[in-house]
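Participant: missing the sequence, but the structure's below:
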């Protein structure tokens with residue numbers, strides 16, 4: 001897909017989107033999503049197996065030589081967009097986008113050959129242990145320290161960390177960050193899923209008390225920078241999907257909710273408000289698609305486009321879900337209604353891989369402007 005034709009997908013890509021949407025429509029309605037969030041690990045293992053075996057979503061971003069399909073970033077993006085529409089809790093972002101890409105970015109061929117085929121098949125789930133307790137997602141400051149191959153410390157906000165089969169750990173070594181592979185079955189590794197505002201995203205704290213790690217790369221900072229770029233783009237696709245879905249639900253509600261003898265959607269003030277929300281969704285889509293086009297082609301602007309997508313799509317989803325809550329009235333804040341789940345996903349996702357203001361400051365700095 002060329003940068004000049006942002007959003008112009010091939011027939012195969014459109015068929016992938018259609019297939020994923022059909023599967024999620026059948027197996028990931030809101031009742032199923034809520035049931036999954038209340039399970040032990042917070043995701044639907046049966047749904048994940050269907051997505052991997054019938055569609056091959058976990059294999060899309062993994063090269064063929066490592067057991068994957070070797071598709072471009074665009075295909076993964078379309079899957080993330082559909083997952084965002086349903087809020088289906090899966091290991092797609094944590095295992096396939098974060099951890100698998102970290103293993104690839106490490107350049108360790110032996111580890112890629114050994115670990116990636118299982119991840120591509122969906123038989124194995126991996127997690128990237130990156131941030132410390134401050135949640136900064138800083139490539140130079142992490143919560144784990146390595147002394148030789150012994151790791152000590154804790155990683156926070158680890159996506160899918162409570163049940164992953166493989167841990168990729170960012171650890172500080174003599175003032176630099178390196179990446180290690182760690183077996184979570186060790187007694188020196190303690191994992192616990194933690195409650196979060198967004199129940200549809202499984203997050204854990206992983207603690208290391210002298211756990212043994214295998215070095216993947218000594219240049220972990222470069223690998224993490226690459227992973228963050230990929231993750232921000234993928235997350236923007238999920239955010240666009242969620243924004244589109246909650247806006248569509250809000251429009252439908254406005255057509256059926258009657259006040260003063262008229263459907264509230266007929267009031268001009270609300271028409272204008274929803275038109276503004278539609279503008280937000282579509283401009284967010286443009287930013288997201290531009291970012292994945294740049295990423296898939298290795299364009300010089302890829303890093304900047306990823307940052308723009310992260311900032312704009314995060315803020316757009318928060319704005320759309322906030323207005324959706326208001327336009328739905330009092331029912332939107334009840335547990336029984338879906339709007340509150342989208343609202344929570346919006347605010348939780350905005351914190352992943354760095355807050356929007358952090359990325360905005362990095363853009364200002366790269367442009368030579370004052371933060």
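Facilitator: Thanks, I have the structure now. The structure displayed is predicted, hence computed values, not measured ones. Residues are numbered from 1 along each chain as shown.

Participant: what mean pLDDT does the lengthiest helix in the chain have?
Facilitator: The longest helix of the chain (DSSP state H) is helix 220-256. Averaging pLDDT along helix 220-256 yields 92.

Participant: list the contacts for residue 137?
Facilitator: 130-131, 228, 352-354 (CB atoms under 8 Å, 6 or more residues apart in numbering). For glycine as for every other residue, the C-beta is placed from the backbone atoms N, C-alpha and C.

Participant: so where does residue 284 fall, helix or strand?
Facilitator: helix 268-297 (DSSP states H and E).

Participant: what's the helix or strand just after that helix packed up against?
Facilitator: Per DSSP H and E, the first helix or strand lying C-terminal to helix 268-297 is helix 302-328. Helix 302-328 sits against helix 220-256, helix 268-297, helix 339-351, helix 356-366, with contacts defined as 3 or more CB pairs under 8 Å, 6 or more residues apart in numbering; DSSP states H and E.

Participant: just the strands in the stretch 1-150 of the chain please.
Facilitator: Using DSSP state E, counting those that start in this stretch, the strands of the stretch 1-150 of the chain run over 126-129, 144-147, 150-159.

Participant: closest to residue 78 out of those?
Facilitator: strand 150-159 (20.2 Å; CB to CB).

Participant: Report the rounded mean pLDDT for the closest one.
Facilitator: 96.

Participant: helices or strands up against it?
Facilitator: So strand 150-159, by 3+ CB pairs under 8 Å, 6+ apart, packs with strand 126-129, strand 144-147, strand 166-173, strand 203-217.

Participant: would CSV of the ones you listed with distance to residue 240, mean neighbour count and mean pLDDT be doable?
Facilitator: As requested, the helices and strands packed on strand 150-159 are exported to CSV (distance: least, CB to CB, whole Å; neighbours: other CB atoms under 10 Å; pLDDT from 0 to 100):
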stretch, distance to residue 240, mean neighbour count, mean pLDDT
strand 126-129, 23, 30, 97
strand 144-147, 33, 18, 94
strand 166-173, 27, 24, 96
strand 203-217, 22, 20, 96
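
Participant: and those strands as TSV, adding distance to residue 183?
Facilitator: TSV is the format used below for the helices and strands packed on strand 150-159 (distance: least, CB to CB, whole Å):
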stretch	distance to residue 183
strand 126-129	12
strand 144-147	15
strand 166-173	8
strand 203-217	8
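
Participant: first vs last residue of stretch 260-273, how far apart are they?
Facilitator: With CA to CA, to the nearest Å applied, stretch 260-273 spans 19 Å between its terminal residues.

Participant: tell me the mean pLDDT for it?
Facilitator: The pLDDT scores in stretch 260-273 average 73.

Participant: Rebuild the strands of the stretch 1-150 of the chain as TSV, extending it with distance to residue 201.
Facilitator: Shown next, in TSV, are the strands of the stretch 1-150 of the chain (distance: least, CB to CB, whole Å):
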stretch	distance to residue 201
strand 126-129	13
strand 144-147	22
strand 150-159	7
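
Participant: If anything else comes up later, I'll come back, but that's it for now.
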